[in-house]
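# Based on what follows, work out the 3D shape:
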Amino acid sequence: MLILLYTYHRNITIALHVSTRSEIVLDLDFLDKMLTGASSSVQLQKPYDSYEKGLSALVESLLGLPLNKLDQMSDWNKRPLTENQVIYAALDAFVLLEVFEALKKISEDKGASAVFEWNVQELIRSKNRPSKINSGANKKNSADQRARNQRLAKEARELAERGRTATPLNEDPIEPSQLQVVCDSMLQGLCKKLRLHGVDAIAIESFEPYENCAKISQRDGRSVLTKGPTRAVRLQELVKKGHCLNLFTDKPADQVQ
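Below you'll find the predicted structure:
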């Protein structure tokens with residue numbers, strides 16, 4: 001039996017319940033990100049825009065309407081449940097089937113059925129814990145990796161000592177819509193702020209290695225925004241000169257400046 005859930009590992013009750021059973025669980029949140037995220041090999045486009053959050057945003061972006069959340073904060077301890085509460089609970093379950101079929105359909109329409117099936121099987125195999133492929137985590141104990149880490153740390157210190165100013169990539173000002181950037185997973189808040197200003201900004205997901213920013217930069221010609229000198233040094237090795245900016249501030253509003 002295949003059980004469809006959304007944000008499986010955040011739902012501790014359900015996670016504990018199915019961990020001792022034989023059912024196969026698929027997290028549609030991860031499936032969506034692996035199919036439509038910035039690093040996706042097919043970059044599927046969902047048919048509708050959404051300003052909602054969570055499952056409601058995913059539903060609206062695929063089906064055209066958000067979830068009705070009027071009964072979310074009602075008294076669920078009181079019995080019997082109201083008719084509206086029963087409908088609300090049933091809708092949350094039913095809509096997951098619709099989301100799964102919608103993701104499958106847009107994959108088929110793009111000729112990416114094999115990619116869809118591979119991602120489904122990968123999530124099932126990993127128990128909805130996507131691994132950071134090519135992150136180098138399995139090489140930490142090798143002599144070459146230790147030497148590389150020491151060199152990156154040294155260059156990172158030198159980068160920080162040179163100051164917190166950056167040379168503009170463009171000699172003349174450009175319009176926000178002309179700027180294309182990819183943000184690492186630590187800067188997802190900044191990515192949202194930049195979009196509000198009209199910038200063509202995308203961000204990798206938290207389960208992806210930060211080196212994926214470089215792959216996207218090479219593929220799309222985007223500049224990389226990152227945070228942390230060690231990451232910046234490594235990414236600067238992988239992208240065109242001047243196409244990686246290290247940010248020092250923590251708040252997205254300050255980072256935009």
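
# and stretch 242-257, which residues are buried?
Neighbour counts over stretch 242-257 (16 or more other C-beta atoms under 10 Å) mark His243, Cys244, Leu245, Asn246, Leu247, Pro252, Gln255 as buried. From N, CA and C alone the C-beta is placed, and that goes for glycine too.

# Same list, these, but as a markdown table with secondary structure and distance to Glu52 please.
Shown next, in a markdown table, are the buried residues of stretch 242-257 (DSSP: H, G, I helix; E, B strand; the rest coil; distance: C-beta to C-beta, whole Å):
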| residue | secondary structure | distance to Glu52 |
| --- | --- | --- |
| His243 | coil | 33 |
| Cys244 | strand | 33 |
| Leu245 | strand | 31 |
| Asn246 | strand | 33 |
| Leu247 | strand | 28 |
| Pro252 | helix | 20 |
| Gln255 | helix | 25 |
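
# which pair in those residues spans the largest distance?
His243 and Pro252 (21.1 Å; C-beta to C-beta).

# Please compute how far stretch 42-50 lies from its chain's middle.
The chain centre lies 14 Å from the centre of stretch 42-50; the measure is C-alpha atoms, centre = their mean, to the nearest Å.

# which of the residues in it are buried?
Applying 16+ other C-beta under 10 Å to stretch 42-50 flags Val42, Gln43, Leu44, Lys46, Ser50 as buried.

# The last one: which element?
Secondary-structure element containing Ser50, defined by DSSP states H and E: none, the residue being outside all helices and strands.

# pretty sure it contacts Glu60?
Yes - applying C-beta atoms under 8 Å as the test, Ser50 and Glu60 come out as touching, 3.9 Å apart.
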